[in-house]
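Asker: Generate coordinates for the sequence data below:
(2 chains)
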There are 2 protein chains.
Amino acid sequence: MKPNLQSLADLDRVIHEPSRLMLAMILSTVESADFLFLQRETGLTKGNLSAHLSKLEKAGYVKIEKTFKGKYPLTICKLTPAGRKALTDYRLTLEKGLGKTKR
Amino acid sequence: MKPNLQSLADLDRVIHEPSRLMLAMILSTVESADFLFLQRETGLTKGNLSAHLSKLEKAGYVKIEKTFKGKYPLTICKLTPAGRKALTDYRLTLEKGLGKTKR
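Answerer: Numbers count the residues shown, from 1 in each chain, chains lettered A, B, ... in the order given. Okay, the predicted model is just below:
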C-alpha cells in the first residue's frame, strides 16, 4: 500500500498526544479503569493524568465517574463508543499515512 | 505482538508533530526536495512550512541549502542520516506501542 501522506494532516490531535494515546489504548482494552490503575500503567503524575483525562472527557471520548469505595474516593474511567471510534480512525489514518516500516 | 504502551511515552516529539511527520516521510523517499515541492506535497502555508523545516533543521534531522536557480531563490532540503534514523525509530516505537489495528 502506498502511504497517503496528506492523510497525516487529519490526525485527531486529541488522540495524537502521546499520553492521551496511551490512555485511549489502555482504556480500549478494559471495560473500565480507575485513576490509580491508569497512573500506574502510564507512569504519569496525578496532575498530568487528570489534565489528559479531562481533555478526553471534553472531547466525549472518555466518561469519568467519581464515586467512593468505602471512604476512599474512586474515579472510574471508560472509553465511550465515540472514543473507541476516534481511536480506531486515528490508528487507521496513521497506518494509511505511514505504511509498514522496513528496518 | 502485545503492544508496549509505555513506549509511546518515548515518541520523538520533533517527528511526532503531524506536519513534521509528513515532511520527514516525504524527504525519506527522495534524494532532496525544494521548498515549493514540499509546499505542494504537504499543503502547508509558506510560514508553517518554514517553521517546521527550521525545527527539523535544529534537531539535525534536515539539512537546508539556500541557493539560486538563475535569479530565483531555491531552497533545497534533505533528510540527514540522523533524521532518517529518527524517523525509523519513531515508526518502530509507534508500531510497538499500537500493534496492528483491527477494523
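
Asker: Quick one: residues in contact with stretch A:58-65.
Answerer: For stretch A:58-65, contacts defined as CB atoms under 8 Å, 6 or more residues apart in numbering or on different chains pick out A:14-15, A:23-24, A:27, A:53, A:56-57, A:75-80, A:82-83, A:86-87. To be clear about C-beta, it is placed using only N, CA and C from the backbone, and glycine gets the same treatment.

Asker: chain center to it: distance?
Answerer: The chain centroid and the centroid of stretch A:58-65 are separated by 10 Å under CA atoms, centre = their mean, to the nearest Å.

Asker: where does chain A come near chain B, residue by residue?
Answerer: Residues of chain A lying near chain B by CB under 8 Å from any CB of the partner chain: A:3, A:5-6, A:8-9, A:11, A:13, A:16, A:18-19, A:21-22, A:25-26, A:41-43, A:88, A:91-92, A:94-95, A:97-98, A:101, A:103.

Asker: among the contacts of stretch A:58-65, which are in helices?
Answerer: A:14-15, A:23-24, A:27, A:53, A:56-57, A:82-83, A:86-87 (DSSP state H).

Asker: Please check these and keep the buried ones.
Answerer: Neighbour-count burial (16 or more other CB atoms under 10 Å in any protein chain shown) is assigned, among those, to A:14-15, A:23-24, A:27, A:53, A:56, A:83, A:86-87.

Asker: Next, format the residues you listed as TSV and append pLDDT.
Answerer: Output for these, formatted as TSV (pLDDT from 0 to 100):
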residue	pLDDT
A:14	97
A:15	97
A:23	97
A:24	97
A:27	97
A:53	98
A:56	98
A:83	98
A:86	97
A:87	97
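
Asker: so who does the residue nearest the centre of chain A touch?
Answerer: By CA atoms, centre = their mean, chain A has its centre lying nearest to residue A:24, at 1.9 Å. If a contact means CB under 8 Å, 6+ apart, then residue A:24 has A:15, A:56, A:61-62, A:79, A:83, A:86-87 as its contacts.

Asker: Please tabulate these in CSV, including the columns distance to residue A:33.
Answerer: Shown next, in CSV, are those (distance: CB to CB, whole Å):
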residue, distance to residue A:33
A:15, 17
A:56, 12
A:61, 14
A:62, 10
A:79, 9
A:83, 13
A:86, 18
A:87, 15
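
Asker: List just the nearest of those to residue B:35.
Answerer: Residue B:35 has its nearest neighbour among the contacts of residue A:24 in residue A:15, at 30.7 Å by CB to CB.
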